[in-house]
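Peer 1: Pasting the sequence and the predicted coordinates here, then a few questions.
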Amino acid sequence: MTPAHFEDKSQTAPNAGSDSNGKTKRYEQIAAQITAQVEQGALQSGQKVPSLQRLRKQFGVSLSTAIRAYSLLEKEGLLECRPQSGFYVAPRPPVPPQPPPKVHKASDVDVGFYNKGELFQIRAMVEKELFRTDSQVLHLGTIELNPELLPLAALQKSIASGPRRVGSQGYLYNWPPGDLSLRRQLARHYLDRGLSLSPNDFLTTTGCTEGIQLCLGAVAKPGDLVAVESPTCPWTQIFLQRQGLKVLEIPVLPHKGMDLDYLEKALHRNKVKACLIIPSFQNPTGSLMPEAHKRRLVEMLSGQDIPLIENDINGDLHFEKTAPKPAKAFDKKGLVMICSSFSKTLATGLRVGWITPGKYYGDIKISKILNTMTCNVMTESALGSFMEQGLYRRFLAKARKFYFSNLQAFLHGIGKYFPKGTRVLRPQGGLTLWVEFPKDVDSFRLCREALAEKIFVVPGPFLSSQGKFRNCIRVTYGYPWSEKVEKAMERLGGLAKRQLAEARN
Ligand SMILES: Cc1ncc(COP(=O)(O)O)c(C=O)c1O
């Protein structure tokens, strides 16, 4: 096969990845163009890519820049190096197509979809099976962390230190904003991500869940319209439904996050009260919104005084060397509120999260008191200590490495067991995979049949307020790949293939 020709379009590709000054490095630009060639199908799995010398000449760069570009792509799992032969596109299913560019207006929005008909029945069935502590189901849909990875001894030591650190105060009401030692550490943590905040900019919460609900409550009332990504995490759908909010779905672009051109048009046609998104490693696609897009998003929204709730729960789960800047870094008006927690990075059971409420600080603090009264300062202080000792940072480095290699196993499994024509978007971080089956696969039926065999994946319509994505599922790759997981993936593939065979007959 002849290698595809790479055009140097770096001038027109400003989103390829940036350094801390907002400038894209040359090898990242080259890598982004090669990624685009693969995503668009110009380069297929197994195809040889140009030699390093040829790449060097095409882009007019040094050999070391060409090597860095290919090394980056190899690290991301996009290319593989075959000894004595050169670089090849790694086996992988291609990117799903984009939703049609129809811009919604509010009257198109179905408010109650999530609580109706078939989706409601499936939800009830899933909830009955999953929300129990003795559940025997293999959770390949909910985000499970690898229990073997947990730094149990170090964490237990820190947790045990909590009561000692806070003394008798820990047994009293502890009003927001939450434990100061934790808030100090959070401010330091975000400084490493290019965002300067003071400990007083944070309020602690009971997980990210409470944070998002408090922020939504502060900026929107029942019946208001909130812009979200499409697809987006089922919890987002549930939060919005519970607060009686209308949902405006904005498509997600591969490796770019929310489609900002679409959003811009949608903002002209609709009175949007808030935007709730996951810019860093979006759930389910794993897309990272490039820094320039984050800036544009914040400027676009702040131009109309629309608050942005930035779900940053996956922000530290990056596969690149450095963590992405949050969109909050571009906020000049206090309109961007980060919501996050330790649930996807350390342990779901801790139930400690935080928000940066910006200009809504006062309202949100009162709502927090009305919601859950006080803060669990013993656990918060323990986590402050865990971070202070550098243990959180050390653990994150280990966790990222594990999840990256676990992802390769899942991608391989999908390629091996799922039907021909299945597409999956390669995530840039996070813990979720968005899988698109051929049209004739019904994810509701798949979910029902898989659940009967104690396997759970999330059916696509759970990730849309309009029941879209019927032939898609969300698979998570937090749980370690094993023989049991492989068997479950094979079974899922088999169930999907059976549906396709039936559709053909
Ligand atoms: C994107 C996203 N946001 C929020 C949550 C809830 O987070 P927490 O457990 O911290 O409440 C989840 C849980 O799966 C999630 O995936």
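Peer 2: Yes, it's here.
Peer 1: OK, contacts around residue 252?
Peer 2: Residue 252 makes contact with 229-232, 258-259, 282, 285, 287, according to C-beta atoms under 8 Å, 6 or more residues apart in numbering. Using the backbone N, CA and C atoms, a C-beta is placed for each residue, glycine as well.
Peer 1: rerun that using 7 Å as the cut-off
Peer 2: Contacts for residue 252 (C-beta atoms under 7 Å, 6 or more residues apart in numbering) come out as 229-231, 258-259, 282, 285, 287.
Peer 1: and the gap between it and the ligand?
Peer 2: Distance of residue 252 to the ligand, computed by C-beta to the nearest ligand atom, to the nearest Å: 13 Å.
Peer 1: in its sheet, what does the helix or strand hosting that residue sit against?
Peer 2: Using DSSP states H and E, the element containing residue 252 is strand 246-253. Each strand that pairs with strand 246-253, with its direction, by DSSP bridges: strand 225-230 (parallel), strand 257-258 (antiparallel).
Peer 1: related to what we said a few turns ago, are any of the contacts of residue 252 buried, and which?
Peer 2: 229-231, 258-259, 282, 285, 287 (16 or more other C-beta atoms under 10 Å).
Peer 1: With pLDDT and distance to residue 26 as extra columns, can I get those residues in a markdown table?
Peer 2: Shown next, in a markdown table, are the buried ones among the contacts of residue 252 (pLDDT from 0 to 100; distance: C-beta to C-beta, whole Å):
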| residue | pLDDT | distance to residue 26 |
| --- | --- | --- |
| 229 | 97 | 30 |
| 230 | 96 | 34 |
| 231 | 96 | 34 |
| 258 | 97 | 27 |
| 259 | 97 | 27 |
| 282 | 97 | 27 |
| 285 | 96 | 27 |
| 287 | 96 | 23 |
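Peer 1: Need phi/psi at the residue nearest to residue 278 when sequence neighbours are not counted.
Peer 2: Once flanking residues are discounted, residue 278 sits nearest to residue 311: 4.4 Å by C-beta to C-beta, 6 or more residues apart in numbering. When read as degrees, to the nearest 10, the backbone of residue 311 gives phi -80, psi 110.
Peer 1: Where does the stretch 51-200 of the chain get nearest to the ligand, residue-wise?
Peer 2: Closest contact between the stretch 51-200 of the chain and the ligand, by C-beta to the nearest ligand atom, is at residue 143 (4.7 Å).
Peer 1: Let me see the contact set for that residue.
Peer 2: Residue 143 neighbours (C-beta under 7 Å, 6+ apart): 344, 431-432, 476, 478.
Peer 1: okay, the residues you listed in JSON lines with neighbour count and secondary structure next?
Peer 2: Shown next, in JSON lines, are the contacts of residue 143 (neighbours: other C-beta atoms under 10 Å; DSSP: H, G, I helix; E, B strand; the rest coil):
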{"residue": "344", "neighbour count": "25", "secondary structure": "coil"}
{"residue": "431", "neighbour count": "26", "secondary structure": "coil"}
{"residue": "432", "neighbour count": "25", "secondary structure": "strand"}
{"residue": "476", "neighbour count": "23", "secondary structure": "strand"}
{"residue": "478", "neighbour count": "25", "secondary structure": "coil"}
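Peer 1: For residue 70, which non-adjacent residue is closest in space?
Peer 2: That would be residue 87: by C-beta to C-beta, 6+ apart, it lies 5.5 Å from residue 70.
Peer 1: May I ask which helix or strand of the chain has the lowest mean pLDDT?
Peer 2: Every helix and strand in the chain was compared by mean pLDDT, DSSP states H and E; the lowest is helix 117-130, with a mean of 79.
Peer 1: neighbouring contacts of that one?
Peer 2: 113, 135, 137, 142, 444, 447-448, 451, 456, 459, 461, 467.
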